[in-house]
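Trainee: sharing a model that was predicted from the sequence below.
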Amino acid sequence: MSEYPEHDVQRQVTELEGKSATAARIFDLRRIIGGLFVIYGVIVMIAGFTASDAEIAKAEGVNINLWTGLGMLLLGLFFLAWLKLRPTAPPAPPLTEDNTSE
């Protein structure tokens with residue numbers, strides 16, 4: 001005979017599954033990558049706004065920091081929008097003996 005009642009074990013398993021799903025959503029790579037690209041994109045865009053004429057002339061007339069920062073910002077926003085529109089699916093419920101036997 002088991003030390004723990006079945007309903008206690010099932011309740012603990014359900015709580016752990018909920019915590020695991022929450023951790024998976026928090027550490028989703030799309031959130032991390034998107035956030036970093038947004039932050040770095042803003043920083044590089046600020047460098048582009050403050051670029052001198054000599055720096056722009058070095059890049060053959062193109063404000064490369066501004067354009068690169070804009071690209072990074074858009075990529076970061078894409079990742080964050082993707083995360084919002086397609087959230088991580090919750091894990092499938094475990095198969096029990098009731099589900100497997102017919």
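Mentor: Nice, thanks for sending it over.
Trainee: ok, residue 76 - contacts?
Mentor: Counting by C-beta atoms under 8 Å, 6 or more residues apart in numbering, residue 76 makes contact with 33-41. For every residue, glycine as well, the C-beta is placed using N, CA and C.
Trainee: which of the residues you listed lies closest to residue 53?
Mentor: For the contacts of residue 76, the residue nearest residue 53 by C-beta to C-beta is residue 41; the value is 23.3 Å.
Trainee: which strands and helices sit next to the helix or strand hosting that closest one?
Mentor: Element membership of residue 41, judged by DSSP states H and E, is helix 29-49. Applying 3 or more C-beta pairs under 8 Å, 6 or more residues apart in numbering; DSSP states H and E, we find helix 29-49 packed against helix 64-85.
Trainee: angle of the helix it packs on against helix 29-49?
Mentor: 160 degrees (axes from the mean of the first three to the mean of the last three C-alpha atoms, to 10 degrees).
Trainee: buried residues in helix 64-85?
Mentor: Neighbour-count burial for helix 64-85, counted by 16 or more other C-beta atoms under 10 Å, picks out 64-66, 68-69, 72-73, 75-76, 79-80, 83.
Trainee: need those in JSON lines with pLDDT and distance to residue 29, can you?
Mentor: Shown next, in JSON lines, are the buried residues of helix 64-85 (pLDDT from 0 to 100; distance: C-beta to C-beta, whole Å):
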{"residue": "64", "pLDDT": "94", "distance to residue 29": "28"}
{"residue": "65", "pLDDT": "94", "distance to residue 29": "26"}
{"residue": "66", "pLDDT": "95", "distance to residue 29": "28"}
{"residue": "68", "pLDDT": "96", "distance to residue 29": "22"}
{"residue": "69", "pLDDT": "97", "distance to residue 29": "22"}
{"residue": "72", "pLDDT": "98", "distance to residue 29": "17"}
{"residue": "73", "pLDDT": "97", "distance to residue 29": "19"}
{"residue": "75", "pLDDT": "97", "distance to residue 29": "14"}
{"residue": "76", "pLDDT": "97", "distance to residue 29": "13"}
{"residue": "79", "pLDDT": "94", "distance to residue 29": "9"}
{"residue": "80", "pLDDT": "93", "distance to residue 29": "12"}
{"residue": "83", "pLDDT": "88", "distance to residue 29": "9"}
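Trainee: okay then, goodbye and thanks.
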